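Engineer: could you work out the structure for the sequence below:
(3 chains)
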Amino acid sequence: MIDLILAKYNYWTFIILMLIGFYAMIAKENLIKKVIGLSIFQTAIFLFYISLGDVIGGTAPIVSDETISKGYIYVNPLPHVLILTAIVVAVATLAVALALIIRMYEEYGTIEEEEIVKIERERGITCQ
Amino acid sequence: MLSIEQFPLLIVVISLLSAFTILILGWLNEKFSCYISIATVLLQFIMSILVLNHVLTVGTIHYWLGGWKPPWGIEYAVDAMNAYMLVTLLFLGLLCAVYSKKNIEHELPRKRVSFYTIYQLLITGLCGVVVTGDIFNMFVFIEIMSISSYALIASRGKIALKASFTYLIMGSIGACFFLLGIGFLYSVTGSLNMHDLSILLSPLYGNKVVQAAFVFFIVGLSIKMALFPLHTWLPDAHAFAPAEISAMLSGIIIAVSTYAFIRVAFSVFTLKFIMMYLPIFDIICWVSIIAMLYGSVLAITQTNLKRMLAYSSVANMGYIMLGVGLSTSTTMGLTPALMHILNHAVMKGCLFMVAGAFIYKADLWDIEDFRGLGRKMPYTTFAFILAALAMIGMPPSVGFVTKLYLIIACMEADQFIFVVAIFVSTLLIVYYFWRVIEYMYIRVGDGDDKEVEVDEVPTSMLIPILILGVLCFVIGIIWLIDIPLPLMDAVNSLFGLGVMP
Amino acid sequence: MKGEKIPHERDIVVETVSRLMIPFIQLFALYVIIHGAGGPGGGFQGGVIFGSSFVLFIIAFGIGRVGKRIPEGILTLLTSLGVYIFAGVGLLCLIFTIGAVQYLNYGFVPLTSHFEENRALCMDLVEIGIGITVMAAITSIFFDLAWGRSEKEEERQ
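Structural biologist: Purely as a prediction, here's the structure:
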């Protein structure tokens, strides 16, 4: 059992991180903490991809005469490229989320979800 | 010369370039932004019709970006189903752009440039999801589409911000699950091209990783398309967005997510996998039935018209997914589901635009405030009645056609309880739409004998509303006389559906 | 904490250090952008480094002083310019061959006589375009997030 955990430690790390992020997104009332949870969740998936592409003893995937002649092995570059794209997406999501939180703070004076819902109820707009 | 093979790509690129042209020219003069947007979407719409024609007459378009062959490069593959979705989404996109001219001037007077920039990016994302044949590319475009829709929903400020934030959190979870599914598939096959994946996956169907990936795809896309237990972001987002964005959200954005689901389920994983290893479509059928009833019941309890329509969207996603769920066990295959995607876009587009027209003219949100609107805005309410009748399913409207086909499909699959559910949900739809019509025409306020002045919305808003209202019946007749049948046959044969097992 | 304005205090150490560091950060960013095609790096990473040099500039010198130097219109223009470059280079392939080859097939843009050299040059162009866009976008995101607060604070006073 312990061998199983140690041999696949990258997957366990990714699962634990993902669940931490998921918990923060669901359970936290503070909107900033929700966004932090979202970031952890996304990062966990990035980590999963990066660990997929890794080769033990591999170097950076730059092909030159030296790498060919010495017979270096290199890691799979495609997951890195994919994750670079996914990071761009994550940055955009984060920017939109933070901008929304700032606007909500200006509007309601708080970033606690329950208080926002309470203020909305007082204003007479049904929420749920 | 520029062949039609290039068009799927140009549709995406033109949209992207036009978004940033709007940003620059709108900086000089705000008025340009709207016209550029309409012109671009019109051009895209014409191109998409040519693409559809080409696909039906010549065959599937395979476009290799940069000339790299498929397993290595990104491929854009446009077959009958993509082309059909492309035409549908650009058609509603065009009408929404026309409609938004006056509405956005009224609602977001100082944000017109950013609105149209993001709107054009939304169209880019939608077109991209539809034309692409590469699964990671699809993820990226889904996110472009989602992020721009978060921003557009939030553009009204105040309570829309909260709605948009909820959507953002839910949508990001969905997208992350989708990404995780791609990661699992990549880890077992090492490929990202959909066609290549379907070949490489076929010996691996028993593999637990592949099955887990399929579950991740289903859950992720179910959040995006607001399937019943995961729909909680939808009512607020639909209710508080600007009217044209509500129409796009309800008619197109969740439908494009459904398209992504169908594409992943039938093109990447094949029919054989679903039938033999993960027979999940029965569950989808039952979930859709619950969605239909639940959405309709909650729509009855709403006092706000746009929220009522939003819950009705939840119910209509049930119809579409029921069509998908039944597709494996009938001879009609995906026909009812694809049919309802177009039908729902037309009906809901019209209804949300009418709701937006009431808000534009008199800031009326609640159904009880609609007294006497039937006389005050005769054309708008007429279009509302047409669309409402279509929703209820009066022959020969689009709603009737969907229900007819769905009932035949249920009969073929020997699921009579689904037929009962469709009838019950139709009765509920009659109830909640009748309530609105009653307030608009019958329950006139105190000074009811007075001559009411006709006070219509501007022509540029009225035209899209009326076009969609009339199309509710025209398209129904077109479906009934079987003109689009070759298209549907092409889609079904593509996925190996429509043949009784 | 709520609504409390933090006045910008000038700090000689921070200002001097960032004044020294910013040119090198920007040089490094340019290096990363140019080496995007042949090594680790690329337009996005370089653009983020370039953008973060502006962010450091703003943090060190205060948004009021820097905001006047970098007007929002310029950032909008640069964002669009970058998108035009990287989407336009792809379109050039279509334009030069009158639609005979695919989008992004850079070898057919006749910059030099060699197919591979054309491809390499166009890839660098695209990286530069992405770099410009990302740099402008990162800076303007930072400006938007920061201005939102400070405008409100100015109103309160």
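
Engineer: give me phi/psi at residue A:74?
Structural biologist: Phi and psi for residue A:74, reported as degrees, to the nearest 10, are phi -130, psi 160.

Engineer: same check, this time on residue B:366
Structural biologist: According to degrees, to the nearest 10, residue B:366 has phi -90, psi 150.

Engineer: quick check: bridge partners of it?
Structural biologist: residue B:304 (DSSP bridges).

Engineer: the one helix or strand in chain A whose mean pLDDT sits lowest close to chain C?
Structural biologist: In chain A, no helix or strand scores lower on mean pLDDT, DSSP states H and E than helix A:65-70, which sits at a mean of 76. No. Judged by CB under 8 Å from any CB of the partner chain, helix A:65-70 and chain C are separated, with a smallest distance of 12.2 Å. (Glycine included, C-beta is placed from N, CA and C.)

Engineer: roughly how far is that helix from the heart of the chain?
Structural biologist: 36 Å (CA atoms, centre = their mean, to the nearest Å).

Engineer: correct me, but residue A:29 touches residue A:114?
Structural biologist: Yes. Counting by CB atoms under 8 Å, residue A:29 does reach residue A:114; the two are 5.6 Å apart.

Engineer: between the two, which has more neighbouring residues?
Structural biologist: The neighbour comparison of residue A:29 against residue A:114 (other CB atoms under 10 Å in any protein chain shown) goes to residue A:29, with 13 against 10.

Engineer: which residues in chain A form helices?
Structural biologist: With DSSP state H as the definition, chain A shows helices at residue ranges A:2-7, A:9-27, A:31-53, A:65-70, A:77-108, A:113-122.

Engineer: what's around residue 20, how many residues?
Structural biologist: Using chain A. There are 14 residues near residue A:20, going by other CB under 10 Å.

Engineer: wait, I meant chain C there
Structural biologist: 9.

Engineer: and it, how far from chain A?
Structural biologist: As judged by CB to the nearest CB, to the nearest Å, residue C:20 and chain A stand 28 Å apart.

Engineer: give the contact list for that residue.
Structural biologist: Residue C:20 makes contact with no residue, according to CB atoms under 8 Å, 6 or more residues apart in numbering or on different chains.

Engineer: quick one: low-confidence residue ranges for the chain.
Structural biologist: Going with chain A. A:124-128 (pLDDT under 70).

Engineer: hmm, no, I was thinking of chain C.
Structural biologist: C:1-8, C:67, C:147-157.

Engineer: quick one: the helices in it?
Structural biologist: Going by DSSP H, chain C shows helices at C:12-34, C:43-61, C:63-69, C:72-96, C:115-156.

Engineer: give the buried residues for the third one.
Structural biologist: It stands for helix C:63-69. C:63, C:66 (16 or more other CB atoms under 10 Å in any protein chain shown).

Engineer: so which residue is dead centre in chain C?
Structural biologist: residue C:135 (1.5 Å; CA atoms, centre = their mean).

Engineer: residues touching that one, list them.
Structural biologist: Here residue C:135 is in contact with C:29, C:47, C:48, C:50, C:51, C:54, C:78, C:82 (criterion: CB under 8 Å, 6+ apart).

Engineer: list just the nearest of the residues you listed to chain A.
Structural biologist: Nearest to chain A, judged by CB to the nearest CB, of these is residue C:48 at 8.4 Å.

Engineer: which residues does the closest one contact?
Structural biologist: Residue C:48 neighbours (CB under 8 Å, 6+ apart): C:134, C:135, C:138.

Engineer: the residue nearest the centre of chain A: what's its closest spatial neighbour, skipping adjacent residues?
Structural biologist: The structure's chain A has its C-alpha centroid closest to residue A:42; by CA atoms, centre = their mean the separation is 1.8 Å. Of all residues beyond its chain neighbours, the one nearest residue A:42 is residue A:90 (4.7 Å), with distances taken as CB to CB, 6 or more residues apart in numbering or on different chains.

Engineer: residues contacting that neighbour?
Structural biologist: Residue A:90 touches A:39, A:42, A:46, counting by CB under 8 Å, 6+ apart.

Engineer: could you dump those residues to TSV with distance to residue B:344?
Structural biologist: Shown next, in TSV, are the contacts of residue A:90 (distance: CB to CB, whole Å):
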residue	distance to residue B:344
A:39	35
A:42	32
A:46	36
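
Engineer: what's the closest of the residues you listed to residue B:206?
Structural biologist: Residue B:206 lies nearest to residue A:46 out of the contacts of residue A:90, by CB to CB, at 29.0 Å.

Engineer: what about the closest residue to that closest one other than its chain neighbours, neighbour count?
Structural biologist: Setting aside the residues directly before and after it, residue A:46 is nearest to residue A:83 in space (CB to CB, 6+ apart), at 4.9 Å. Using other CB under 10 Å, residue A:83 is surrounded by 23 other residues.

Engineer: measure residue A:83 to residue C:138 for me?
Structural biologist: For residue A:83, the distance to residue C:138 equals 18 Å [CB to CB, to the nearest Å].

Engineer: flag every residue of chain A that's near chain C.
Structural biologist: Counting by CB under 8 Å from any CB, chain A sits next to chain C at A:60, A:62, A:84, A:88, A:95, A:98, A:99, A:102, A:103, A:106, A:109.

Engineer: at 7 Å what do you get?
Structural biologist: Residues of chain A lying close to chain C (CB under 7 Å from any CB of the partner chain) are A:60, A:62, A:84, A:88, A:95, A:98, A:99, A:102, A:106.

Engineer: which residues are in contact with the second one?
Structural biologist: With contacts defined as CB atoms under 7 Å, 6 or more residues apart in numbering or on different chains, residue A:62 is in contact with residue C:39.

Engineer: how near is it to residue A:75?
Structural biologist: Residue A:62 is 11 Å from residue A:75, by CB to CB.

Engineer: look up how far chain C lies from the closest residue to chain B within chain A.
Structural biologist: Of all residues in chain A, residue A:89 sits closest to chain B, with a separation of 4.4 Å (CB to the nearest CB). From residue A:89 across to chain C, the span is 12 Å (CB to the nearest CB).

Engineer: how many residues are close by residue B:24?
Structural biologist: Neighbours of residue B:24 (other CB under 10 Å): 18.

Engineer: er, residue A:93 actually
Structural biologist: 24.

Engineer: and the residue lying closest to residue A:75 once chain neighbours are set aside, backbone torsions?
Structural biologist: What sits nearest to residue A:75 in space, not counting adjacent residues and going by CB to CB, 6+ apart, is residue A:58, at 4.0 Å. Dihedral angles of residue A:58 (phi, psi; degrees, to the nearest 10) stand at phi -80, psi 150.

Engineer: run a quick neighbour tally on residue A:58.
Structural biologist: 13.

Engineer: show me what contacts it?
Structural biologist: Neighbouring residues of residue A:58 by CB under 7 Å, 6+ apart: A:73, A:74, A:75.

Engineer: what do you get for residue A:92?
Structural biologist: residue B:147.

Engineer: how about residue B:212?
Structural biologist: residue B:184.

Engineer: other residues contacting stretch C:97-110?
Structural biologist: By CB under 7 Å, 6+ apart, stretch C:97-110 touches B:1-3, B:6, B:9, B:13, B:63-67, C:90, C:92-94, C:96, C:115, C:118-119, C:122-123.
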